[in-house]
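Visitor: This is a predicted model, with the sequence first.
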Amino acid sequence: MKTFSDFKSYNNYLGLPEPLDSNIDVGYYNPSVMLLKSDAVMVDFYRISFKINFQSKQSANPNPITAVFFNSPNIVLVDGWDVEPTYTGMYLQLSKKIIEENRFLFKTYLDYGQHEALYLKEDEVQEISSVFQLMMKYYESGTHNFNVLISYVNVLVSLVEAYYKRQFSTDPKQYNRIVSDFQQSLLEYYQKPVTQLPSVQYFADKLGLTPNYLGDIIKHFTQKSPLENIHEFVIKKAKELLEQDCMMNNAEIAYELGFEYPNYFSKFFKKQVGLSPKEYRAKLTPKL
């Protein structure tokens, strides 16, 4: 497997132009001079690819597609690629450094990895192409226009976010399955002894998704983040134990739910419910 930590080496491998900057790279695809087939690779930076009439020989879909694809640091393209030289498009490459320094400008879908392509409509392609032309103008004009370039990058990623919301809303069936699988996995988590609280990362790994991709789908369809869903479920389980088993003390309930420290369970419960576990149980006890 080949690993690439900088734009220059990766562009050279693909047959793309040499980047003008080590933290941001913008360009157009020209498949006639590019590497069309590769084994597994990993890039240690962010890539957003806009591909028009793209057709992969590895895909079950025989028809060309127009879509946005993402690569995140440390995610391996296990199968590499094998594509037809018929597509056009653009690419944006961002270093981890520039993402961290401008995190407020960027959206969670940059960490979607390979799990979800964004399929574009014709008017969306035109809109992205217009913004991309402006990005190229300021990219090629030098570092003195860097702030303007970053502003257009922000416009671009904001457009993609809006298009994702449109895709989530117009094709809910496949996303409802993910929501159902998440909720079922949460139910199954406490059907066996646990040693820690459930985490978003745990469910993302179980469903074969990145945490950010899972998070955006769950938030879109439930109006609550995965962590909020998890906390609600933990509180529900805690109430059941407090109500149904009066012989269990707070520490036993805490360990049953996966809390490492009973005191943390008590603070967590009071923050969520407004009462301590002891106060909640006392409220349930009929006064004589």
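Guide: Received, thanks.
Visitor: and the longest strand along the chain, which strands flank it?
Guide: With secondary structure taken from DSSP state E, the chain has its longest strand at strand 46-54. Looking at strand 46-54 with DSSP bridges, its partner strands are strand 65-71 (antiparallel), strand 88-94 (antiparallel).
Visitor: so who does D6 touch?
Guide: By C-beta atoms under 8 Å, 6 or more residues apart in numbering, the contact list for D6 reads S22, F45. The way it works is simple: take the backbone N, C-alpha and C, and place the C-beta from them, glycine included.
Visitor: Tell me the confidence at it?
Guide: You'll see D6 listed with a pLDDT of 95.
Visitor: How about T108?
Guide: Here the pLDDT value assigned to T108 is 58.
Visitor: hang on, the earlier thing: so which of the strands paired with strand 46-54 comes closest to V273?
Guide: Of all the strands paired with strand 46-54, strand 65-71 sits nearest to V273, with 39.1 Å by C-beta to C-beta.
Visitor: what mean pLDDT does the closest one have?
Guide: When pLDDT is averaged over strand 65-71, the result is 88.
Visitor: what's around the residue nearest to Y152 when sequence neighbours are not counted, how many residues?
Guide: Ranked by C-beta to C-beta, 6 or more residues apart in numbering and with sequence neighbours excluded, the top spatial neighbour of Y152 is M135, at 4.6 Å. If you count neighbours by other C-beta atoms under 10 Å, M135 ends up with 22.
Visitor: ok, S56 - contacts?
Guide: Going by C-beta under 8 Å, 6+ apart, S56 touches W81, D82, V83, E84.
Visitor: Wait, the residue nearest to Y152 touches S151, no?
Guide: No: counting by C-beta atoms under 8 Å, S151 is not a contact partner of M135; they are 9.6 Å apart.
Visitor: Okay, helices next: where are they in the chain?
Guide: Taking DSSP state H as the criterion, the chain carries its helices at 7-14, 96-101, 122-140, 146-170, 172-189, 200-207, 211-222, 226-244, 250-257, 262-273, 277-284.
Visitor: Figure out which of the strands paired with strand 46-54 is closest to V125.
Guide: Of all the strands paired with strand 46-54, strand 65-71 sits nearest to V125, with 6.0 Å by C-beta to C-beta.
Visitor: quick one: that closest one to chain centroid distance?
Guide: How far strand 65-71 lies from its chain's middle: 14 Å, per C-alpha atoms, centre = their mean, to the nearest Å.
Visitor: how about the contacts of S56 in CSV, adding distance to L118, neighbour count and pLDDT?
Guide: CSV is the format used below for these (distance: C-beta to C-beta, whole Å; neighbours: other C-beta atoms under 10 Å; pLDDT from 0 to 100):
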residue, distance to L118, neighbour count, pLDDT
W81, 18, 16, 91
D82, 22, 13, 92
V83, 18, 19, 93
E84, 20, 13, 92
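Visitor: Can you list the helices and strands that the worst-scoring helix or strand of the chain on mean pLDDT packs against?
Guide: Of all helical and strand segments in the chain, the minimum by mean pLDDT, DSSP states H and E falls on strand 75-77, at a mean of 79. In terms of contacts (3 or more C-beta pairs under 8 Å, 6 or more residues apart in numbering; DSSP states H and E), strand 75-77 is packed against strand 41-43.
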